[in-house]
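S.K.: The following block contains a protein sequence and its predicted model.
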Amino acid sequence: MSKESRDFKHETLRQYGVFNSAADGVSEEHFLSHPFFDPRDMVQVKYEMLRRVRIDGDSVSQAARDFGFSRTAFYQALALLEQQGLPGLIPKRPGPKGPHKLKDAVLEFIGQQQQDADEVLRPEVLVELVRKKFALSVHPRSIERALSRERKKGG
């Protein structure tokens, strides 16, 4: 594989969140000797680890060690593969999956305040209104994002 294509693959793996930053920990023979196997590809590494146990009959401990994972990580990957197929092996992004403070009632209140006002209320004003009504501390940027999402939805 040329240097340019390896660099492109490296960037693509990073972009999709499947770059194995612990690629140096993969000691499995095929990943060291055959260019088809790429220790930087997290999905391929996990899949091959699972296949080695399920198909080749290797022990979980040995496979986990050879592929640079713990036994716990092996069982987690196995459960995800069984539940979701290959997409289950793609790591999920950490952190909150959406606004955790601005629940529907708060969003509805903000929208109502905007409708009732003669002019568009600034996020700083809305922050104070939300604090008084819900005893909730919210950053002005969170309100800006929520209003932007509502506009995109057509709300």
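M.R.: Cool, got the structure.
S.K.: Which of the three states applies to the residue of the chain most remote from its centre?
M.R.: Distance to the chain centre peaks in the chain at D118, reaching 41.1 Å (criterion: CA atoms, centre = their mean). With DSSP: H, G, I helix; E, B strand; the rest coil as the basis, D118 sits in coil.
S.K.: give me phi/psi at it?
M.R.: phi -70, psi -30 (degrees, to the nearest 10).
S.K.: and if you look at F19?
M.R.: phi -70, psi 130.
S.K.: Which residue, neighbours along the chain excluded, lies closest to the residue nearest the centre of the chain?
M.R.: By CA atoms, centre = their mean, the chain has its centre lying nearest to R93, at 1.3 Å. Leaving aside its chain neighbours, R93 sits nearest to G17 (6.6 Å; criterion: CB to CB, 6 or more residues apart in numbering). Quick note: C-beta positions are derived from backbone N, CA and C, even for glycine.
S.K.: And for A105?
M.R.: For A105, the closest residue by CB to CB, 6+ apart turns out to be F134, at 7.7 Å.
S.K.: Kindly report the same for L13.
M.R.: Nearest non-adjacent residue to L13 (CB to CB, 6+ apart): F19, at 4.0 Å.
S.K.: Report how many residues lie close to that neighbour.
M.R.: 18 (other CB atoms under 10 Å).
S.K.: now swap in the one 3 residues further on and tell me
M.R.: Taking other CB under 10 Å as the criterion, the count of residues near A22 is 14.
S.K.: show me what contacts it?
M.R.: G68 (CB atoms under 8 Å, 6 or more residues apart in numbering).
S.K.: when you give positions from now on, start the count at 424
M.R.: Sounds good: first residue 424 from here, last item A445.
S.K.: how close does it sit to F492?
M.R.: A445 sits 8 Å away from F492, going by CB to CB, to the nearest Å.
S.K.: on that earlier part again, who does the residue nearest to L436 form a beta bridge with?
M.R.: Legend: beta-bridge partners of F442 under DSSP bridges are D464.
S.K.: got a pLDDT number for S493?
M.R.: Looking at S493, its pLDDT is 96.
S.K.: Kindly report the same for D541.
M.R.: So D541 comes in at 78 (pLDDT).
S.K.: What of P522?
M.R.: So P522 comes in at 66 (pLDDT).
S.K.: No more questions from me, cheers.
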